[in-house]
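K.L.:
Structural data only, the sequence is not supplied:
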């Protein structure tokens, strides 16, 4: 019982040592991080943009209005009103491996920060050693108290080690790793945004490819009709074989454009399948057409002062800047005195029955202080390197903010210009269609030569494809705006 009491008293002393060590922890050296202030700008463009122009009654010809200050929903793709698209996005979020890898990296970052946080506390280790020994009596006296050259030694002990965070080196290390974990968190959000954007943009590209294929097939049908007319006129002796040959060449050229478009559609389907985490032989069970999308009329546009808090890349750059700031504190602390405290308590006996006998216990208390004196200025240069890394991270943050504001401004301008392009494309396609109808009737009646038809055909073909591309561009521009504004991740509740 007396030995047990000594153990308890010794352990209390060790606990007191740890408490004393904790009390030595003072303020952390190095700069305290202050988040950069948002840029003081009133808008994204030099002129005020209120919305886009509308086109005539045509798919995706609706005028769009920019609503300043309105928040972006987390599931912004719902604004396009396509149930198959919504389902594909949900499936991609569940199965895409890139997003899964980013989430795993985030978990790793938080665990590393938690592991560093353990350095605030003393470490306790327990050990047990047992040995059977023979004393060389020709040279040494028996080590055993009984005089027997053969003896056993059983030694259980508990050791405590602690490094007080006097100048905040560990605090800055935890701060740095936590900031790195935050940076990884925003990398997850950036991956999430990139994935959803790629899925929606891919669906729009697929719809555009289908529309271009349909337009090309319609062109081929009309070219074949014209070829039939020309062959009838040739049979009647009204035109020469050269006109028929020219139309056959035009038809062949139109047919030549079809395989690349079909290949483009297949490649886009494969890309969407991969985004959904599936192999190419998997059927997506969804086909996208431009008519299945609704062009959002009201476009939320975040205030410039909020963009720095909503763009994942800006928040990631800010977290990197925070980590660089904490690294300066670690470098400064490394040049200051380091204190270490340690203790050990245990017993050492010749057999188990005497483990708690009087005189078998031992303990050790130790403290140490080290101060770098000369290291060839290595620690000084490491501190200067940490400060230079902070300056680098600061400039990278500023560059990220500038690029982000440029992205939003570019997207707003493209939305305006592409709306004008669609309106012009509608006018051009309708004029070209009317012109082609007129010359076809005139050609059928034998009123004009075939050469007059070629120009009308070329204009109409170009106008049809341009119209499809302009319709798809307005949808893609809207997706780009939602991406440039950060994608609404701050309104998510799933993670």
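P.N.:
Yep, that arrived. Because the structure is predicted, anything quoted here is derived from the model rather than measured.
K.L.:
Report the buried residues of stretch 236-254.
P.N.:
Residues of stretch 236-254 classed as buried: 239, 243-244, 246-247, 250-251, 254 (neighbour count, 16 or more other Cβ atoms under 10 Å). Every residue, glycine included, has its C-beta placed from N, CA and C.
K.L.:
Could you give the separation of it from the chain centroid?
P.N.:
From the chain centre to the centre of stretch 236-254 is a distance of 56 Å (Cα atoms, centre = their mean, to the nearest Å).
K.L.:
I'd like the average pLDDT over it.
P.N.:
Averaging pLDDT along stretch 236-254 gives 86.
K.L.:
What are the contacting residues of that stretch?
P.N.:
Stretch 236-254 is contacted from outside by 216, 219-220, 223-224, 226-227, 230-231, 233-234, 446, 449-451, 454, 457, 461, using Cβ atoms under 8 Å, 6 or more residues apart in numbering.
K.L.:
Which of these are buried, as a ChimeraX select command?
P.N.:
Filtering those down to the buried ones (16+ other Cβ under 10 Å) takes a single ChimeraX command:
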select :216,219,220,223,226,227,230,231,233,450,454,457,461
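K.L.:
out of the contacts of stretch 236-254, which are inside helices?
P.N.:
Using DSSP state H, the members of the contacts of stretch 236-254 that fall in helices are 216, 219-220, 223-224, 226-227, 230-231, 233-234, 451, 454, 457, 461.
K.L.:
where exactly do the helices run in the protein?
P.N.:
Assigned by DSSP H, the helices in the chain fall at 2-23, 83-95, 97-117, 169-235, 241-256, 258-275, 304-310, 312-333, 378-444, 451-484.
K.L.:
do you know which of those helices lies nearest residue 50?
P.N.:
Among these, the nearest to residue 50 by Cβ to Cβ is helix 378-444 (9.6 Å).
K.L.:
I'd like the distance from the closest one to the chain centre, please.
P.N.:
Distance, centroid of helix 378-444 to centroid of chain: 20 Å (Cα atoms, centre = their mean).
K.L.:
With stretch 190-203 instead?
P.N.:
For stretch 190-203, the separation from the chain centroid amounts to 11 Å (computed by Cα atoms, centre = their mean).
K.L.:
which residues touch residue 461?
P.N.:
So residue 461 contacts 219, 254 (Cβ under 8 Å, 6+ apart).
K.L.:
which stretches of the protein have low pLDDT?
P.N.:
Across the chain, the ranges flagged by pLDDT under 70 are 1-26, 56, 450-451, 495.
K.L.:
okay, which residue of it is out on the far edge from center?
P.N.:
Distance to the chain centre peaks in the chain at residue 138, reaching 74.1 Å (criterion: Cα atoms, centre = their mean).
K.L.:
Quickly note the distance from it to residue 149.
P.N.:
Using Cβ to Cβ, to the nearest Å, residue 138 is found at 10 Å from residue 149.
K.L.:
just residue 95 next, same as before
P.N.:
From residue 95 across to residue 149, the span is 72 Å (Cβ to Cβ).
K.L.:
now do residue 307
P.N.:
Residue 307 sits 83 Å away from residue 149, going by Cβ to Cβ.
K.L.:
So if I had to pick from these two, which one is more boxed in?
P.N.:
Shown here are residue 307 and residue 149; by other Cβ atoms under 10 Å, residue 307 has more neighbours (23 against 15).
K.L.:
Can you give me every residue that contacts the more buried one?
P.N.:
So residue 307 contacts 38, 314, 404-405, 408, 485-486 (Cβ under 8 Å, 6+ apart).
K.L.:
and what of residue 93?
P.N.:
Contacts of residue 93 by Cβ under 8 Å, 6+ apart are 99, 192, 195-196.
K.L.:
Most neighbours out of those, which is it?
P.N.:
Neighbour-wise, the contacts of residue 93 (other Cβ under 10 Å) top out at residue 196, 27 neighbours.
K.L.:
Quick check: the gap between residue 105 and residue 492.
P.N.:
Using Cβ to Cβ, one obtains 19 Å as the distance from residue 105 to residue 492.
K.L.:
meant to ask about residue 168
P.N.:
35 Å.
K.L.:
With residue 47 instead?
P.N.:
Distance from residue 47 to residue 492, counting by Cβ to Cβ: 34 Å.
K.L.:
quick one: which of the contacts of residue 93 is nearest residue 86?
P.N.:
Checking these against residue 86 with Cβ to Cβ, the nearest one is residue 196 at 10.8 Å.
K.L.:
Please state the offset of stretch 74-84 from the chain centre?
P.N.:
21 Å.
K.L.:
can you check stretch 62-78 too?
P.N.:
Offset of stretch 62-78 from its chain centre (Cα atoms, centre = their mean): 22 Å.
K.L.:
Can you list the buried residues in that stretch?
P.N.:
For stretch 62-78, by 16+ other Cβ under 10 Å, it's 62, 64, 66, 72, 74, 76-77.
K.L.:
Equivalent analysis for stretch 118-127, please.
P.N.:
Counting neighbours by 16+ other Cβ under 10 Å, stretch 118-127 gives 119, 122 as buried.
K.L.:
got the end-to-end distance for it?
P.N.:
End-to-end distance for stretch 118-127: 21 Å, by Cα to Cα, to the nearest Å.
K.L.:
contacting residues for the closest residue to residue 119 other than its chain neighbours?
P.N.:
Distances taken as Cβ to Cβ, 6 or more residues apart in numbering place residue 170 nearest to residue 119, at 4.6 Å, with adjacent residues excluded. Shown in contact with residue 170 (Cβ under 8 Å, 6+ apart): 116, 119-120, 163.
K.L.:
Distance check, residue 167 against residue 343.
P.N.:
23 Å.
K.L.:
Please report the distance of residue 382 from residue 375.
P.N.:
For residue 382 relative to residue 375 (Cβ to Cβ), the value is 10 Å.
K.L.:
The two: which is more packed in?
P.N.:
A count of neighbours by other Cβ under 10 Å puts residue 382 above the other of residue 382 and residue 375, at 17 against 12.
K.L.:
Please tell me I have it right and that one contacts residue 330.
P.N.:
No - here residue 382 does not reach residue 330: they are 9.2 Å apart, not a contact under Cβ atoms under 8 Å.
K.L.:
Contacts only, for residue 146.
P.N.:
Taking Cβ under 8 Å, 6+ apart, one finds residue 350 in contact with residue 146.
K.L.:
redo that, cut-off 7 Å
P.N.:
Applying Cβ atoms under 7 Å, 6 or more residues apart in numbering to residue 146 gives no contacts.
K.L.:
How much space separates it from residue 135?
P.N.:
From residue 146 over to residue 135 (counting by Cβ to Cβ), the distance is 11 Å.
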